[in-house]
Every structure is written in C-alpha cells, then in structure tokens.
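1. predicted model, plus sequence, below.
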Amino acid sequence: MNYITVRGVAIGLGIPKICVPVTEASGGDIVKQAGAAAPKADLIEWRADAFEDVFSKASVNHVLKELRTAVGQRPLLFTFRTEAEGGAKIDVDDYIALGEAAVESGCVDLIDVEMDRGEKAVLRLIDKAHERGVFVVGSYHDFSKTPSEEEMFSRLETAAKGGADILKLAVMPEDMNDVLRLLSVTYKASGVFEKPLITMSMGAMGSISRVCGEYFGSAVTFGQSGAASAPGQFKAASLYHALGFLHRQASEIGPDTKLAGGHIFLTGFMGTGKTSVAYALSKKTGLPVIEMDETIVRREGRSIPEIFEKDGEKYFRRVETDLLREISGDRKETFIVSCGGGAVLSEENVGMMKKKGRVILLTADPETVFSRIGGDTGRPNLKNRNTVEDMAALMAQREAKYRAAADHIIETDHKDMDQIASEILQVLSGQEALC
C-alpha cells in the first residue's frame, strides 16, 4: 500500500490518521466546531449534507472559505453523504454539481465521491477534482449489512480502477464474524492496491475496527468532536491515546531483528525520504518509529507553519530539542527516529543523537528533492523558494552540518524504500561502511 501526502499529513504511513467530522447545521456553528476540532485532528471532514443551506452555492462557498481559515493547515475533506448511504436526499445531477463547486472553490484538499452515484457522473467528478489538484476518496457505505468478502473487495477495486486516490469501505455487522470478514478484506486489499484504504465496521460491535487499522491496513479513522457522523465512532481524544498505544504494540509483531548501537536517527534535507525509509526499516526490524515533526504537530495541536507563524522558528527548534532529549532519555526501547530537516543544525541535538544511537544521513540531488516537495506549502523554510536552484542553495547551506553529524551516508536517488532500508541494515550490521 502506498501513501499520499496532503498538507504534510502522510495518509497510509504509520499510525492511522484521525479525521474529525463537522456535522453542525448552521454556517456559524460549522466553523466554530471545525476550529475547536482542528487541534485534535489530522484531517477535518465537512459533512455538508448536514448543512441547512447546502443547496445554495453561494452559502456553500462562504462556509468553505470560513472553514479553510478555521482549520489552518489541516487537510479539509468535503463530503455530501447521500440518502442511499446514510445521509440526505439529493439527485445525481445536484450531487455532482455540488461536488464540482467544492473542488472549484480552492478550499478543499480532498473530496468524498460515492462510487455508486452513476459511473459517468462519478468519473466526471473525479476528473474535475484531479484537474484542481484535489484528492478523491472513493467511498461505499452499507448501513444494513456486511456484504460478502468478494463484493467488498470488488467495491474497493471499482474505486481504485475509477481513479480514486483513497479507497473507503464502511459496512454494518450483524455479528463478530462480519467484523472479522471486513478486517480480512482490509488486510488482503492493503497488499493488492497501491492506494491508502479507509475501512470500518460500524456500530458498537464494529468499534474495534476503528482502532486496529495499523495492524490490518486502514489508514484513517473517524473520531467525533461533536455529534457522531456514523455509529460506533470514538471521541477524537480517546482515539489519539488508543492509536498511540497500539502503534507501540504493533512494533512487537515485526521481524525479530536485533540491532546493537541504540536508536537509529535518520537525518537529511526535507524530501530525502526520511519518514518513508523509517517505516520501511520498521517493517524489516519490528522497531517502532517516531516521526519528530508529526509528533510535535500532534502535541502542539497545530501545524508547523502555524507554529512558525505564531511563535517563530526558535520556539520550534526548542520544542524539537526537548523531544530529542525525551527520546534519548528512554532506555527501555529502541526507536527509529525520522528527524526534522533542521534537527542537526543544533550541536546539542547532534550530541544527543550520537550518544544514544547512530546517525544515518539520507541524501538526494536537488532535482530529486524539488520533484518531491516543490510547492509544498506545509514547509515554512520553502517559502519563496520556487526553483531547483533555490533548493540547491538551501541544501548547500546545510550540507556541512549534515555530513559532520552523520555516522553513515546513504544516497537515495533512483532507489525504492526497500532498497534503502536494506542498505541501512547492511551498514548497521557492519557489512559495509559508507563514510
């Protein structure tokens, strides 16, 4: 299963992301709920089918603009759930027109598209979303039953072939066997489709499926801040703690590869693949991953650009150092640590990393880095740096500190994550020295 990155949130990598639905009826209450929910969420979903004035394009656009401001850098998912799948009544033409208006607003990052709303109409909406740079969640909901495993897999396959970027399946169980069948399909599909999955078994009986996605392959779970948008949802705050606990436990089911030398610190310029390589290493070793930037965002309840804007880079670097100190002081467990791009700029940080583990520098050519992250608005240090030359200049400023801190250097150009992870393991086991 591959992943997609939306405003710095990697959907399909590591711990499942928490999406909080906004379900209020009035525009003012919608914006208020979204603003309150944003600190607890990785993504915000606007359930537009609950909006009292949803058939007014002007009103929808107004709310979307207000939501964009209220949620800051949190990815915003637009959803109109139809009556056939547990929401409100709407005809197909109005459904497609509403979806097109949402993606054309420039305010949404993702849109939920029900794949059963007519093939031609759905494909037109998906094409429109992609033209506007909006990711598509191809969804299917059954509030009455859990279909056969063959049908559930087929639903996911239809969404994948239809061009959806994320494949979503939600079903209602009659017994625990139905829950197990949903989880079985999720696990199978995660190994077949190269796209992130969102699956769940609804209601109290299926609630276990909302927290065990990391084990079976579901990348997002929904947690309520106000009213639940579907049966069986947990409070977002409860999900955060449950997912964190299971994330730590999940590392115990990996291969029993023992590595001497303490933590593995992955460093390098932004876009060199630190987070992706960290999870590839985790699969091979069973060691848990700490993604430093993501951890800081979760703890602060705001995005990195928001931290920089309000409190400045010095504050962020101080929080970064505090987190490294916390990691370095934990002697009970060995971690794979995906460090922020600027972590090695501090001598104190480098000292802690070298004392408590080994530092692996991942490198890539400026052209490669630019192709991966050019235009990413979730990275404050890329502001006003719009060319390969700008990227190369910033990389050159940091290169000496990166190399001075490194115990080993791994080039990542033209290699997949598995190759890079294997190379790192060779180095750490003493089979090869790269610097």
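-> Okay, I see it.
2. make it CA atoms for all contacts and neighbour counts henceforth
-> Noted.
3. any weak-confidence spans in the protein?
-> Along the chain, the model assigns pLDDT under 70 to residues 1, 226-231, 248-261, 330-332, 373-386, 430-435.
4. domain parsing of it, as residue ranges.
-> Segmentation of the chain into domains, based on automatic domain parsing, reads 4-251, 255-428.
5. buried deepest among those domains, which one?
-> domain 4-251 (a mean of 20; mean count of other CA atoms under 10 Å).
6. give me the phi and psi for Val9.
-> phi -90, psi 120 (degrees, to the nearest 10).
7. just list whatever residues bridge to it.
-> As for beta bridges, Val9 partners with Val6 under DSSP bridges.
8. got it, and the one 10 residues further on?
-> Assessed by DSSP bridges, Cys19 has beta-bridge partners Leu43, Phe222.
9. that one reaches Ala38, doesn't it?
-> No: judged on CA atoms under 8 Å, Cys19 makes no contact with Ala38 at a distance of 9.4 Å.
10. relative to Cys212, how far out is the closest residue to Asp175 other than its chain neighbours?
-> The shortest distance from Asp175 to any non-neighbouring residue, by CA to CA, 6 or more residues apart in numbering, is to Met205 (7.3 Å). Look at Met205 and Cys212: by CA to CA, to the nearest Å, they are 14 Å apart.
11. same thing with Gly12?
-> For Gly12, the distance to Cys212 (CA to CA) stands at 14 Å.
12. rewinding a little: shared neighbours of Cys19 and Ala38, anything?
-> By CA atoms under 8 Å, 6 or more residues apart in numbering, Cys19 and Ala38 have these common neighbours: Ile44.
13. tell me which helix or strand Leu287 sits in.
-> Assessed by DSSP states H and E, Leu287 sits outside every helix and strand.
14. one more: the one 10 residues further on?
-> Take DSSP H and E as the rule and Val297 turns out to sit in helix 292-300.
15. distance between that helix and the chain's centre?
-> On the basis of CA atoms, centre = their mean, to the nearest Å, helix 292-300 is displaced by 13 Å from the centre of the chain it belongs to.
16. three-state assignment of the nearest residue to Arg302 once chain neighbours are set aside?
-> Taking CA to CA, 6+ apart as the measure, Arg302 lies nearest to Pro39, with 5.8 Å between them; neighbours along the chain are not counted. Secondary structure for Pro39, judged by DSSP: H, G, I helix; E, B strand; the rest coil, is helix.
17. residue contacts, Pro39?
-> Contacts for Pro39 (CA under 8 Å, 6+ apart) come out as 298, 300-302.
18. now the helices for the stretch 51-200 of the chain?
-> For the stretch 51-200 of the chain, applying DSSP state H, counting those that start in this stretch gives helices covering 57-71, 92-104, 119-131, 149-161, 176-190.
19. following the lengthiest helix in the chain, which helix or strand comes up?
-> For the chain, the helix that runs over the most residues, judged by DSSP state H, is helix 304-328. Going down the chain from helix 304-328, the next helix or strand is strand 336-338, by DSSP H and E.
20. who are the packing partners of the helix or strand following that next one?
-> Next along the chain after strand 336-338, taking DSSP H and E as the criterion, comes helix 347-356. Judged by 3 or more CA pairs under 8 Å, 6 or more residues apart in numbering; DSSP states H and E, the packing partners of helix 347-356 are helix 304-328.
21. elements contacting the helix it packs on?
-> Looks like helix 304-328 contacts helix 292-300, helix 347-356 (3+ CA pairs under 8 Å, 6+ apart).
22. contacts for the first one?
-> With CA under 8 Å, 6+ apart as the contact definition, helix 292-300 has outside contacts at 39-40, 303-304, 319-320, 323, 337-340.
23. do that again at 6 Å, thanks
-> Contact partners of helix 292-300, identified using CA atoms under 6 Å, 6 or more residues apart in numbering, comprise 303, 339-340.
24. got JSON lines for those, with distance to Glu104 too?
-> Below are the contacts of helix 292-300 laid out as JSON lines (distance: CA to CA, whole Å):
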{"residue": "Ser303", "distance to Glu104": "24"}
{"residue": "Cys339", "distance to Glu104": "36"}
{"residue": "Gly340", "distance to Glu104": "34"}
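25. between these, which is closest to Asp418?
-> Relative to Asp418, the closest of these is Cys339; by CA to CA it sits at 19.1 Å.
26. Asp407 is nearest to which of the helices and strands packed on helix 304-328?
-> helix 347-356 (8.2 Å).
27. chain center to the closest one, what's the gap?
-> 29 Å.
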